[in-house]
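Peer 1: Quick one: sequence and predicted model below, then my questions.
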Amino acid sequence: MIRQMKDFCEFGKNSNGSWVRYANGLQMCWVQHVAGSVAVNNAWGSNYYGLVTAPNFPQVFIEVPTITCVPMNDGGTSGCWTMVRGEPTTIKWMDYYCLRSTVATFNVIAHLTAIGRWK
């Protein structure tokens with residue numbers, strides 16, 4: 001269903017990402033999180049992990065939102081999959097682990113999305 005623009009409140013972008021807010025209280029935030037060089041060298045069974053600290057949301061939520069974290073390849077041969085660490089809050093994406101089957105240090109990039117309520 002397409003809604004009229006009267007239901008739209010605001011949108012914007014800052015150093016922590018982008019957001020859109022709707023009059024009914026729905027808020028969506030997203031960011032391409034470039035974590036920089038991460039050492040994936042902590043043993044966990046037959047795999048290895050490295051911790052990535054996530055940024056704050058570009059706008060706060062009034063309750064903990066639903067979040068996705070999709071790792072991206074940095075353009076090289078290295079890649080990882082992610083696993084969340086702890087719980088997100090109303091002000092911050094959750095930190096996450098990069099997991100892989102071999103030890104490596106590489107640039108971690110992930111697309112983070114959060115959907116919840118702002119009012």
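Peer 2: Everything's here; your move.
Peer 1: hey, where'd the strands end up in this structure?
Peer 2: For the chain, the strands defined by DSSP state E occupy 8-14, 17-22, 26-40, 42-44, 47-52, 66-72, 81-85, 95-100, 104-117.
Peer 1: pLDDT weak spots in the protein?
Peer 2: 1-7, 73-79 (pLDDT under 70).
Peer 1: Around Ile62, count how many other residues there are.
Peer 2: 12 (other CB atoms under 10 Å). C-beta: built from backbone N, CA, C; applies to glycine.
Peer 1: can you check Gly116 too?
Peer 2: 20.
Peer 1: my guess is it meets Glu63, correct?
Peer 2: Yes: at 6.0 Å, Gly116 and Glu63 qualify as touching, with contact defined as CB atoms under 8 Å.
Peer 1: which residues sit in contact with Gly12?
Peer 2: Gly12 sits next to Ser18, Trp19, Pro58, Gln59 when contact means CB atoms under 8 Å, 6 or more residues apart in numbering.
Peer 1: PyMOL command for the buried members of those?
Peer 2: Only the buried members of these end up in this PyMOL selection, burial being decided by 16 or more other CB atoms under 10 Å:
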select buried, resi 19+58+59
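Peer 1: Adding distance to Thr82, write the contacts of Gly12 out as JSON lines.
Peer 2: Listed next are the contacts of Gly12 as JSON lines, based on distance: CB to CB, whole Å:
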{"residue": "Ser18", "distance to Thr82": "20"}
{"residue": "Trp19", "distance to Thr82": "22"}
{"residue": "Pro58", "distance to Thr82": "20"}
{"residue": "Gln59", "distance to Thr82": "23"}
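Peer 1: The contacts of Gly12: which two are farthest apart?
Peer 2: Farthest apart among the contacts of Gly12 by CB to CB are Ser18 and Gln59. That separation is 9.5 Å.
Peer 1: quick one: common contacting residues for those two?
Peer 2: Counting by CB under 8 Å, 6+ apart, the residues touching both Ser18 and Gln59 are Gly12, Cys29.
Peer 1: Excluding sequence neighbours, find me the nearest residue to Thr53.
Peer 2: Spatially, and ignoring its direct neighbours in sequence, Thr53 is nearest to Asp95 (5.2 Å; CB to CB, 6 or more residues apart in numbering).
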